[in-house]
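K.L.:
any chance you could fold what I've pasted below:
(one chain, ligands or ions: 1)
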Amino acid sequence: MAFQPKLLMVDPSHFEVSYVINPWMKPGAWHEDPAGHLHQARTASAALHKALVEAGAEVLTMPGARGLPDMVFPANAAVVLDRRAIVARFACDERRGEEALFLKQFRSLQRRGGLDTVVQYPEGIFQEGAGDCIWDDSRQQFWAGYGQRSAKASLQVTEDFFNVPVVPLELVSPRFYHLDTCFLVLSGGEILYYPPAFSAEGRATIEGLAGKENVLEATDEDAAGFCVNAVNFGREIIMARPPRALVERLEARGYRVTGVDLDPFILSGGGAYCMTLRLNRESSAAVERAAAE
Ligand code: ARG
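P.N.:
This next block holds a predicted model:
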């Protein structure tokens, strides 16, 4: 692969479902069999890791931390583009302890030459990382969710930091509390999205900027199965076990879909995309700058 995707994952040893900060979270179900669920979570995380590597990605795994079970969702840790990272400010107290650990991780990546700049969103401006800020390589812009976990005020910070356009999308349903639960950008420019998660204005923005021919609507089943929360690079798409019809729709567009059993993480309201963070995306402006140097 010409440009190998580099993804961060977090070791799931400290994962559990012990609190409720989104409507999918089921601590009761988890505590019926914590050891069994943890075992399944390790298996699921390893299966995702394997599928990503087989599809051509490099995966970097960092340790988690006791008492911070949702660290397994590093998509929420930061927005990363052009070797610049801006670390999240979590809206929920339960996840705030992750900020310092991810900051440390990104600073260490910076020391080792993997990133140039590491900052954090200003205090009081909530923003939950790439889960709410999705890079669109075809359109050279971010799509940014706000209204649930991330504040609208974060969008200007993102735009100023990366110097690329940031398109606002209001999220109107607590079930789809991060943009990545209901919105997926594919390498060919298609967008798979779940309309009920967005305001009428958001839906019009998506259709207007993407073009009707590029828009695929996810079904209730696709969304509830966390299949929209998928990882894509090149023609590869890796997602929680998909319904057959979704696989067929994506194959018809030339993609190859790999389904992974991520049920233990769905008990926390997360799927494949949020279990990863892409570390090496480049805007075309940065690629051109580098070529000119
Ligand atoms: N339990 C986690 C939370 O509610 C799940 C996060 C999933 N991440 C995502 N980007 N959708 O914060």
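K.L.:
from the ligand, how far off is residue 5?
P.N.:
Applying CB to the nearest ligand atom, to the nearest Å, the value for residue 5 to the ligand is 18 Å. From N, CA and C alone the C-beta is placed, and that goes for glycine too.
K.L.:
neighbours of that residue, how many?
P.N.:
Each residue near residue 5 was counted by other CB atoms under 10 Å, and the total is 21.
K.L.:
surely it is in contact with residue 282?
P.N.:
No - using CB atoms under 8 Å as the test, residue 5 is too far from residue 282 to be in contact (11.1 Å).
K.L.:
residues contacting the residue lying closest to residue 185 once chain neighbours are set aside?
P.N.:
Ranked by CB to CB, 6 or more residues apart in numbering and with sequence neighbours excluded, the top spatial neighbour of residue 185 is residue 136, at 4.8 Å. Contacts here follow CB atoms under 8 Å, 6 or more residues apart in numbering; on that basis residue 136 touches 142-143, 185.
K.L.:
phi, psi of residue 125?
P.N.:
For residue 125, the backbone dihedrals (degrees, to the nearest 10) come out as phi -100, psi 100.
K.L.:
give me the neighbour count for it.
P.N.:
By other CB under 10 Å, 16 other residues sit near residue 125.
K.L.:
quick one on the thing from earlier: closest one of the contacts of residue 136 to residue 163?
P.N.:
Within the set of those, residue 142 lies nearest residue 163; the separation is 11.2 Å, counting by CB to CB.
K.L.:
which residue ranges of the stretch 1-150 of the chain form helices?
P.N.:
When secondary structure is read from DSSP state H, counting those that start in this stretch, the stretch 1-150 of the chain shows helices at 27-32, 34-54, 93-96, 98-111.
K.L.:
can I get these in TSV including distance to residue 83?
P.N.:
Rendered in TSV, the data for the helices of the stretch 1-150 of the chain read as follows (distance: least, CB to CB, whole Å):
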stretch	distance to residue 83
helix 27-32	38
helix 34-54	21
helix 93-96	25
helix 98-111	9
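K.L.:
tell me which of those lies nearest to the ligand.
P.N.:
The stretch from the helices of the stretch 1-150 of the chain with the least distance to the ligand (CB to the nearest ligand atom) is helix 93-96; that distance is 5.8 Å.
K.L.:
packing partners for the closest one?
P.N.:
Using 3 or more CB pairs under 8 Å, 6 or more residues apart in numbering; DSSP states H and E as the contact criterion, no secondary-structure element is in contact with helix 93-96.
K.L.:
mean confidence score for it?
P.N.:
Helix 93-96 carries an average pLDDT of 98.
K.L.:
in it, what counts as buried?
P.N.:
94-95 (16 or more other CB atoms under 10 Å).
K.L.:
which residue packs closest to whatever residue of the stretch 101-250 of the chain ends up closest to the ligand, ignoring adjacent ones?
P.N.:
When scored by CB to the nearest ligand atom, the stretch 101-250 of the chain has residue 131 as its residue closest to the ligand, at 2.8 Å. When the adjacent residues along the chain are set aside, residue 131 lies closest to residue 178, with 3.9 Å between them (CB to CB, 6+ apart).
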